[in-house]
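**Q** Predicted model follows, preceded by the sequence.
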Amino acid sequence: MNRHSPQHPTQSHLYASLTAYLQDLQESGVDGIPLELMTAAESAITTQPDATHKKGMENTMTVQHAASEIHETLEQIRKNLGACQRCKLGATRKNLVFGVGNPRARLVFVGEGPGADEDAQGEPFVGDAGRMLNRIIAAMEIKREDVYICNVVKCRPPQNRPPESDEVSTCYPFLLRQLNSIRPEAIVALGTSAAQALLQIKVPISKMRGKFHDFHGMPLMPTYHPSYLLRTGGNSDSFWSVWDDMIQVLRLLNLPVPDKSRKK
Ligand code: URA
């Protein structure tokens, strides 16, 4: 089940996964590889990973990447973004909201884009929607600092409007690079914008949620956005739909499923 378990890969496996990784990078707009990554690739091909490396990690929220994997770090991606002005949102934002959490998280939540609170603080999901997301994470009996949280766009759309397609497509390569850097075992796409941007399909969230989709080899569960839950009330059907989706995520991660009783 665990993607990070060492496989004692042969050289041809390593070359194949390295080629796929480079193609992903190229798709996401990277046109060169720093020398230190080339050196890491070389040692990955000549070093056998330790078979006991991941033993006993299945029930924790953090994982170590197998020694043979090479990837750019979140810091490198953040540095590459710089004081981004690649789309028109750059002109009106206060802070670029890159993402927060564990760079080795097993679970990543992706939202739509920063609101006023996030723009002011430079951190995703710190306002009302953030408090609702914190409730969901707490209900899963995991810690916010153990997951990674980010958005489809890194800068606040004016008046909290949904991000426009040019803004999404400009920011998307960086999101893809973040997700490829973390390589979580599960991604939760929060709401329509996130699910549609990641899966590149124009299907309503109500039709996408409730089952896993493939995102570059990572299982992705679309679910309702925390703001939608705030609008529909704390004990609504949509709340329980989100909980059903999170149960599937917990099962995939081989984590205990807390018992929640549904008030009628
Ligand atoms: N809504 C989002 O989609 N993202 C945030 O960071 C905050 C609110």
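**A** Sure thing, it's come through. Residues are numbered from 1 along each chain as shown.
**Q** Would you tell me what the next helix or strand after the lowest-mean-pLDDT helix or strand in the chain is?
**A** When the helices and strands of the chain are scored by mean pLDDT, DSSP states H and E, helix 35-46 comes last with a mean of 40. Using DSSP states H and E, the helix or strand that directly follows helix 35-46 along the chain is helix 74-81.
**Q** Now that following helix: buried residues?
**A** Leu74, Ile77 (16 or more other C-beta atoms under 10 Å). In this view, the C-beta of every residue, glycine as well, is placed from N, C-alpha and C.
**Q** Next, the contact list for the closest residue to the ligand within the chain, please.
**A** Going by C-beta to the nearest ligand atom, the ligand is nearest to Gly111 of the chain, at 2.8 Å. Neighbour list for Gly111: 124-125, 129, 133, 149-152, 190-191, 194, 225-226 [criterion: C-beta atoms under 8 Å, 6 or more residues apart in numbering].
**Q** Next step: these restricted to strands.
**A** Counting by DSSP state E, the contacts of Gly111 place Ile149, Cys150, Asn151, Leu190 in strands.
**Q** What about the ligand: which of those residues touch it?
**A** With C-beta under 6 Å from any ligand atom as the criterion, these include Asn151 near the ligand.
**Q** among the ones in strands among the contacts of Gly111, who's most crowded?
**A** When neighbours are taken as other C-beta atoms under 10 Å, the top entry among those is Leu190 (29 neighbours).
**Q** Around the ligand, which positions in the stretch 101-250 of the chain sit nearby?
**A** The stretch 101-250 of the chain comes close to the ligand at residues Gly111, Glu112, Gly113, Pro114, Gly115, Glu118, Pro124, Phe125, Ala129, Gly130, Asn151, as judged by C-beta under 6 Å from any ligand atom.
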